[in-house]
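> The following block contains a protein sequence and its predicted model.
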Amino acid sequence: MTSTSPTTLDADRRRAITGRVVGRTRELSLVLAAVAAGRDILLEGPPGTSKSTMLRAITTDWGVPFVLVEGNAELTPARLVGHHNPARVLREDYSSDTFVAGPLVDAMRTGAFLYIEELNRAPEDTLNTLLGAMAEREVVVPRVGRVTALPTFRVLASMNPFDNIGTARISDSVYDRWCRLVVDYQDAAAEAAIVRLRSRCADERLVEDAVAITRATRAHADLRRGSSVRGAIDLAAIGVQLGLMADEQSSYESRVLDAAQLALSARVGVDEAIDTTPEAVITEIWETHFFSLPGEQRRDRTA
């Protein structure tokens, strides 16, 4: 792996890093500019929009570790910073040798990117611990001493602004510590390229249908949450396997419906005020896609 200084980036280096990600040229350039300038960044957007992929592309090129932490109610300050091993403390008393580093201290010592998914699910006191490390680039651990971060250490986070279940409001003091970038879904062409790459599906019709049906879940009136491109990837991959097992009575359209139900039903969220099911909505989208298209489009689909 190469080791690249964050302060010596140029156009060639940027192109090398953006080449690792499908699409996202602008967003990746902005993230790269922020972290190269020594800044931390908060990515806001729905799941499956290449947030962690962009960060991994940079760390891979720089040759620095990537430490992933899931933000939730169990991410206490002790879990984030670390703790002393109770068994060893009983035998040896407290010392730096009995300390088990948490992801924050580990990332600081190794100069890693610390990436916290779903930041707004973490407790407030944990965020306060995190903000101190961001401001000073060091933390003081009881009975261990001062831990100073290596120059490549960055604190990065993501949050889904459309999911209010189990989340907390992010305070202005938290927002003030980060540069912020909104990351939305990519266009259909970019998502089709992702599906081709990730599913290894060579059937162009299946790729296009998987992307179209998945994207339609995001605009359906009965759904509060649509599927990310991961649903399209799974739909295409499953559709390929169903095609290999198909008999003469199995139509292409029916296989797509079965694959869609399997790939998308857990990835969509039905509006609580609507009396329906994910399966019913997916079937409606499938029917509209294949059988409610106008004129030549419909004939092309059923040819």
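Cool, the structure landed.

> so how far is stretch 142-159 off the chain centroid?
22 Å (C-alpha atoms, centre = their mean, to the nearest Å).

> and that stretch, which residues are buried?
144, 147, 149, 152-159 (16 or more other C-beta atoms under 10 Å). C-beta coordinates here come from the backbone N, C-alpha and C atoms, glycine included.

> Ok, stretch 130-142 next?
Quick answer for stretch 130-142 (16+ other C-beta under 10 Å): 130-131, 133-134, 137, 139, 141.

> With stretch 271-291 instead?
278, 281-282, 285-286, 289-290.

> Can you list which of those residues are found in helices?
Judged by DSSP state H, the subset of these located in helices is 278, 281-282, 285-286, 289-290.

> could you dump those residues to a markdown table with distance to E191 and pLDDT?
Shown next, in a markdown table, are these (distance: C-beta to C-beta, whole Å; pLDDT from 0 to 100):
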| residue | distance to E191 | pLDDT |
| --- | --- | --- |
| P278 | 20 | 96 |
| V281 | 20 | 96 |
| I282 | 18 | 97 |
| I285 | 16 | 96 |
| W286 | 18 | 96 |
| H289 | 15 | 95 |
| F290 | 19 | 93 |
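
> What is the nearest of those residues to L30?
I285 (33.2 Å; C-beta to C-beta).

> Thought H220 was touching that closest one, still the case?
Yes - with contacts counted by C-beta atoms under 8 Å, I285 reaches H220, the gap being 6.5 Å.

> so how far is A157 from N72?
N72 sits 13 Å away from A157, taking C-beta to C-beta, to the nearest Å as the criterion.

> What is the neighbour count of the closest residue in space to W286 that isn't next to it in sequence?
Nearest non-adjacent residue to W286, counting by C-beta to C-beta, 6 or more residues apart in numbering: L257, 4.9 Å away. A total of 21 residues lie near L257 under the criterion other C-beta atoms under 10 Å.

> Relative to the whole chain's centre, how far out is whatever helix or strand L257 lives in?
Using DSSP states H and E, L257 sits in helix 252-264. Once both centres are worked out by C-alpha atoms, centre = their mean, helix 252-264 turns out to sit 25 Å from its chain's centre.

> in a strand, that's where A157 is, yeah?
Yes - the assignment for A157 by DSSP: H, G, I helix; E, B strand; the rest coil puts it in a strand.

> ok so, going back, which one of the buried residues of stretch 142-159 sits closest to R109?
Nearest to R109 among the buried residues of stretch 142-159: V147, at 6.6 Å, using C-beta to C-beta.

> Can you tell me which of the buried residues of stretch 130-142 end up in helices?
Using DSSP H, the buried residues of stretch 130-142 in helices are 130-131, 133-134.

> Which secondary structure state does V100 sit in?
V100 ends up strand, using three-state DSSP.

> Is it in contact with A87, as I believe?
No - applying C-beta under 8 Å, one finds V100 not in contact with A87, separated by 10.9 Å.

> how about the strands in the stretch 51-200 of the chain?
66-70, 82-84, 99-101, 113-117, 138-141, 145-148, 154-159, 179-182 (DSSP state E, counting those that start in this stretch).

> could you say what helices and strands the last one packs with?
Pointing back at strand 179-182 there. Under the contact criterion of 3 or more C-beta pairs under 8 Å, 6 or more residues apart in numbering; DSSP states H and E, strand 179-182 touches helix 25-36, strand 41-44.

> from those, which stretch is densest packed?
Across the helices and strands packed on strand 179-182, the average number of neighbours (mean count of other C-beta atoms under 10 Å) peaks for strand 41-44, which reaches a mean of 22.

> partners of that strand in the sheet?
Strand 41-44 has the following sheet partners, assigned by DSSP bridges: strand 154-159 (parallel), strand 179-182 (parallel).

> Can you lay out the ones you listed as CSV showing mean pLDDT and distance to L244?
Compiled in CSV, those are given as follows (pLDDT from 0 to 100; distance: least, C-beta to C-beta, whole Å):
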stretch, mean pLDDT, distance to L244
strand 154-159, 92, 37
strand 179-182, 92, 41
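
> Would you check how far apart E208 and Q241 are?
Between E208 and Q241 the computed distance is 18 Å (C-beta to C-beta).

> The two: who's more crowded?
Per other C-beta under 10 Å, whichever of E208 and Q241 has more neighbours is E208, with 15 against 11.

> That one: helix or strand, and which one exactly?
helix 204-217.
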